[in-house]
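1. Structure of the sequence below:
(one chain, ligands or ions: 1)
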Amino acid sequence: MTIFIKAPAKINLTLDVLNKRSDGYHEVEMIMTTIDLSDRIGLSETTDGEIRIISQNRFVPDDQRNLAFQAAKVLKEKFHINQGVSITIDKMIPVAAGLAGGSSDAAATLRGLNKLWNLGLTLDEIAEIGSEIGSDVSFCVYGGTALAKGRGEKITHLPAPPNCWVILAKPSIGVSTADVYRNLNLESIQHPNSQAMIQAIQQGNYQSVCKEIGNALESVTLKMHPEVQHIKEQMFRFGADAVLMSGSGPTVFGLVQYDSRLQRIYNGLRGFCDQVFAVRMLGDRFTK
Ligand code: ATP
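-> Numbers count the residues shown, from 1 in each chain. Next up is the predicted model:
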C-alpha cells in the first residue's frame, strides 16, 4: 500500500531569540504559519525492513541525514515495527531556505506512518516524538498558525492570520541555520513584539500584522549575504505591504492583499530571482 501526504512549508511572522541555554540550544519565541507550498511525501510499505529515501532533488540527502528517514527510524524503533518503508519526496520547497522543508517532511512522515502502521497516536503524541528529531518538527506536525517557545517545541495554537498573499523569493544560496546562530550577538538583538503580533492575529488586523513582523536573525544573515537585503528592497519597491526574511533565511517573503499588486511584485522579482512563489497562507491545521 502507498499513501501520499502533504508537507507544507512555514514562514515566520516573528522570530525572537531570548537567550542561550546551558544545553547549547537557544530559547526562542516564534510565530509561524504554514503556506500553500508543499512537498509531497509518498510512503510505501516494504517487506525487507529497510527505510529508503527516494528524491529527484540532488540537495535532498538519501540516507540517515534526511529528517524523514529519522522520523521513520524513531517510530520503527519505538514501536518495534518489522516492516520497511520507501519514502518518496517530491520536493517543491526550496532546500536550506528558512522554510522548514526538512522538518515538514519529517512531520508528514510521522503523521503518515501513524496511519500506515496503525499506531493510533494522537497529534500531541506525534508532536512530542517530532521534537526529538528537530526543533521545528512539532510545529509542522500541527501546521496552521502557532506560537512556538522553548527551542521551538512548545506550541500554542493561534487563529489564522488575516487573508493575504505571500510572495516568496529565494536567492540562489543556501543558509546554514547553525552558522547564523554562531554569528548571532545576543547583546544587539532587535526583538520583535510577539504579544503585539498575537493580538494583531487575534483581531484579524492586517495592517497590524504587517507592522509587527520581525526576525531577530535577519540582520545576522543580511551581513553574511547582502543579496538578501537587495531582494528585501526590491519587494518594498514593487509594492509589498511588509517584507521579512523567514527563519534563518535566505528566503524573503512579502505580504500583499491585492491581486494587481501581487502580479507587479511577482513579475518584478522574476526579472532577477529564479525562485519566486506566490501562495496563500494555510488557515487550517492538521487534525490527524
Ligand atoms: P529550518 O527553517 O527548519 O531551519 P530550512 O528550511 O532552513 O530549515 P531544510 O530545507 O530543512 O532547511 O534543509 C536544511 C538541511 O537539512 C539541508 O541542507 C539538507 O542537507 C538537510 N535535510 C535533511 N532532510 C531533508 C529533507 N527531507 N529535505 C530537505 N533537506 C533535508
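
2. only C-alpha atoms for contact and neighbour calcs from this point on.
-> OK.

3. residue boundaries of the strands in the stretch 1-150 of the chain?
-> Taking DSSP state E, counting those that start in this stretch, the strands of the stretch 1-150 of the chain run over residues 2-20, 26-46, 51-54, 84-90, 145-149.

4. Next, format the ones you listed as a markdown table and append mean neighbour count and distance to the ligand.
-> Formatted as a markdown table, the strands of the stretch 1-150 of the chain follow (neighbours: other C-alpha atoms under 10 Å; distance: least, C-alpha to the nearest ligand atom, whole Å):
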| stretch | mean neighbour count | distance to the ligand |
| --- | --- | --- |
| strand 2-20 | 22 | 8 |
| strand 26-46 | 21 | 9 |
| strand 51-54 | 18 | 9 |
| strand 84-90 | 21 | 7 |
| strand 145-149 | 24 | 13 |
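
5. Could you list the buried residues of stretch 142-160?
-> 142-155, 157-160 (16 or more other C-alpha atoms under 10 Å).

6. gap between the least confident helix or strand in the chain by mean pLDDT and the chain center?
-> The weakest-scoring helix or strand in the chain, judged by mean pLDDT, DSSP states H and E, is helix 177-182 (a mean of 92). Distance, stretch centre to chain centre, for helix 177-182: 16 Å (C-alpha atoms, centre = their mean, to the nearest Å).

7. how about that helix against the ligand, any contact?
-> Yes - judged by C-alpha under 6 Å from any ligand atom, helix 177-182 comes into contact with the ligand at Thr177.

8. Report the next helix or strand after that helix in sequence order.
-> Next helix or strand after helix 177-182 toward the C-terminus (DSSP states H and E): helix 194-203.

9. for the following helix or strand past that following helix, which positions count as buried?
-> Using DSSP H and E, the helix or strand that follows helix 194-203 in sequence is helix 206-212. Neighbour counts over helix 206-212 (16+ other C-alpha under 10 Å) mark 206, 208-210, 212 as buried.
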